[in-house]
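Novice: got a structure for you, letters missing:
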């Protein structure tokens with residue numbers, strides 16, 4: 001199979017970080033990064049400025065809503081969701097992806113896996129219980145695969161949350177409860193689920209957008225996460241203000257920096273601490289995420305020198321060709337090019353590590369899926385007997401079932417592989 005070489009030539013942060021990690025002599029950088037100051041005093045002012053503002057709390061939501069109202073495409077999207085329903089839009093989107101693959105003469109995902117010798121796509125015993133507890137969010141990111149925003153009001157009920165806790169008790173294989181959204185912290189059931197999972201000795205992951213730490217009403221969030229030893233996986237697609245704000249919305253970068261500093265202040269990501277803080281990098285264009293090993297050290301250097309921030313690990317994830325990112329690709333006329341990139345970078349070893357093999361995904365309404373991406377595309381788990389958390393007594397009932405796959409799954413097997421826990425294979429190109 002001919003493989004397309006993975007290119008990062010249009011990724012400003014990737015290029016700058018790659019240059020930054022190349023040194024001509026100890027302590028001397030090969031290239032200057034235009035997003036950072038050349039002088040120590042300017043760096044110290046930048047750090048002090050962020051720290052001083054960290055106690056000031058005003059909601060990001062009004063600014064996000066203002067940007068949404070000014071974006072005709074997003075206004076139309078929310079109107080279509082309300083008028084036509086999410087399922088209709090999803091079917092239209094999937095038809096476009098399938099047509100694109102047909103134009104490329106590409107096999108369906110399952111057939112490609114079989115041809116490349118990937119182990120049969122069946123569920124193993126679940127050890128990660130991922131709960132998308134609401135689509136409400138204080139941001140409206142351009143790459144968001146769940147189309148979250150302040151306009152989305154869907155939230156998990158206490159009844160569904162209680163049933164999820166019952167499944168934690170009944171499912172011996174579960175090791176991790178992974179809470180996502182939207183901004184999961186803004187869901188009333190978030191702290192209940194954290195406490196119940198931690199009381200059972202389970203690891204809890206909070207997929208945090210960082211800006212939520214600055215929202216009114218979240219004054220105790222950082223301390224709550226630390227007290228319960230929640231692992232924080234935080235979105236930080238770049239160290240550049242321009243790149244982050246263009247992808248995630250105006251003002252997000254500054255608030256994210258302040259959020260990271262607040263987490264550091266309670267021990268997250270600090271040397272000798274058992275509080276884990278991982279960051280997530282997403283490409284800002286039509287290219288794949290690089291291996292984390294090529295970015296992590298430079299990322300740490302940039303954030304430490306510029307803002308005094310420490311963290312543990314960098315996760316590099318591909319953007320999935322669904323929802324808002326799919327809309328963006330269509331607008332640019334680059335859907336076919338992106339799908340071709342994913343297909344040509346197909347990595348059989350990534351197929352062995354697919355997250356759907358050991359993860360169960362639950363939506364805010366209690367419906368059950370193989371992964372969060374399938375959840376957003378309304379692709380139900382195989383079999384007709386289980387549709388919601390109320391249809392089973394244990395997650396073990398899902399073991400051995402065929403995994404539901406479609407064209408978007410090429411995003412998980414491209415390059416280094418991509419899943420919610422990070423890369424799934426060593427890159428092959």
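Specialist: Yes, it's here. Just so it is clear, the model here is predicted, and its values are computed rather than measured.

Novice: now the strands for the stretch 101-250 of the chain?
Specialist: 128-132, 176-180, 203-208, 231-235 (DSSP state E, counting those that start in this stretch).

Novice: Need these in TSV (columns: mean neighbour count).
Specialist: Backbone N, C-alpha and C define where each C-beta goes, glycine included. Below are the strands of the stretch 101-250 of the chain laid out as TSV (neighbours: other Cβ atoms under 10 Å):
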stretch	mean neighbour count
strand 128-132	24
strand 176-180	23
strand 203-208	22
strand 231-235	22
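
Novice: From residue 65, how far off is the closest residue to residue 359 other than its chain neighbours?
Specialist: Of all residues not flanking residue 359 in the chain, residue 128 sits nearest, at 4.3 Å (Cβ to Cβ, 6 or more residues apart in numbering). Using Cβ to Cβ, to the nearest Å, one gets 34 Å for the distance from residue 128 to residue 65.

Novice: is it possible to export the strands of the stretch 101-250 of the chain to JSON lines including mean pLDDT and distance to residue 106?
Specialist: Converted to JSON lines, these look like this (pLDDT from 0 to 100; distance: least, Cβ to Cβ, whole Å):
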{"stretch": "strand 128-132", "mean pLDDT": "98", "distance to residue 106": "29"}
{"stretch": "strand 176-180", "mean pLDDT": "98", "distance to residue 106": "30"}
{"stretch": "strand 203-208", "mean pLDDT": "98", "distance to residue 106": "31"}
{"stretch": "strand 231-235", "mean pLDDT": "96", "distance to residue 106": "31"}
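
Novice: Any idea which of those gets closest to residue 425?
Specialist: strand 128-132 (17.8 Å; Cβ to Cβ).

Novice: between that closest one and strand 176-180, how big is the angle?
Specialist: 20 degrees (axes from the mean of the first three to the mean of the last three Cα atoms, to 10 degrees).

Novice: Residues contacting strand 128-132, please?
Specialist: 146, 156, 164, 167-168, 171, 174-182, 184, 193, 355, 358-364, 371-372, 375, 395, 420-421 (Cβ atoms under 8 Å, 6 or more residues apart in numbering).

Novice: how much space is there between residue 218 and residue 207?
Specialist: In terms of Cβ to Cβ, residue 218 sits 15 Å off from residue 207.

Novice: Point out where the protein drops to low pLDDT.
Specialist: Residue ranges of the chain with pLDDT under 70: 1-56, 74, 77-78, 80-81, 84-87, 89, 426-429.

Novice: run the last query once more with 50
Specialist: 1-10, 17-55, 429 (pLDDT under 50).

Novice: Looking at it, which helix is longest?
Specialist: When the chain is parsed with DSSP state H, its longest helix is helix 86-104.

Novice: From the contact counts, what lies against it?
Specialist: helix 323-332, helix 335-344 (3 or more Cβ pairs under 8 Å, 6 or more residues apart in numbering; DSSP states H and E).

Novice: Buried deepest among these, which one?
Specialist: Of the helices and strands packed on helix 86-104, the one with the most neighbours on average (mean count of other Cβ atoms under 10 Å) is helix 335-344, at a mean of 21.

Novice: what's the next secondary structure element after that helix?
Specialist: Next helix or strand after helix 335-344 toward the C-terminus (DSSP states H and E): helix 348-352.

Novice: Give me the nearest residue to residue 273, chain neighbours excluded.
Specialist: Closest to residue 273 by Cβ to Cβ, 6+ apart is residue 267, at 4.4 Å.

Novice: helix, strand or coil for the one you found?
Specialist: coil (DSSP: H, G, I helix; E, B strand; the rest coil).

Novice: So which residues of the stretch 301-429 of the chain form strands?
Specialist: Under DSSP E, counting those that start in this stretch, the stretch 301-429 of the chain gives strands at 313-316, 359-362, 368-369.

Novice: Pull the distance from the shortest one to the chain's centre.
Specialist: Think strand 368-369. 18 Å (Cα atoms, centre = their mean, to the nearest Å).

Novice: Dump the strands of the stretch 101-250 of the chain into TSV; add distance to residue 314 as well.
Specialist: Listed next are these as TSV, based on distance: least, Cβ to Cβ, whole Å:
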stretch	distance to residue 314
strand 128-132	20
strand 176-180	18
strand 203-208	15
strand 231-235	11
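
Novice: Quick one: closest of those to residue 341.
Specialist: strand 231-235 (22.6 Å).

Novice: Strand partners (parallel or antiparallel) of the closest one?
Specialist: strand 203-208 (parallel), strand 277-281 (parallel) (DSSP bridges).

Novice: For those, please prepare CSV with the additional fields distance to residue 332.
Specialist: Output for the strands paired with strand 231-235, formatted as CSV (distance: least, Cβ to Cβ, whole Å):
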stretch, distance to residue 332
strand 203-208, 27
strand 277-281, 21
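
Novice: What residue, apart from its backbone neighbours, is nearest residue 392 spatially?
Specialist: Residue 392 sits nearest to residue 386 (Cβ to Cβ, 6+ apart), 5.3 Å away.

Novice: Quickly note the distance from the one you found to residue 167.
Specialist: From residue 386 to residue 167 the distance is 12 Å (Cβ to Cβ).

Novice: what sits in contact with each of the two?
Specialist: With Cβ under 8 Å, 6+ apart, residue 386 and residue 167 have common neighbours residue 392.

Novice: could the helices and strands packed on helix 86-104 go into a markdown table alongside distance to residue 111?
Specialist: Below are the helices and strands packed on helix 86-104 laid out as a markdown table (distance: least, Cβ to Cβ, whole Å):
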| stretch | distance to residue 111 |
| --- | --- |
| helix 323-332 | 22 |
| helix 335-344 | 12 |
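
Novice: For residue 255, what are phi and psi?
Specialist: Backbone torsions of residue 255, given as degrees, to the nearest 10, read phi -70, psi -40.

Novice: Compute the number of surrounding residues for it.
Specialist: Per other Cβ atoms under 10 Å, the neighbour tally for residue 255 reads 27.

Novice: Tell me who's in contact with it.
Specialist: 60, 210-211, 214.
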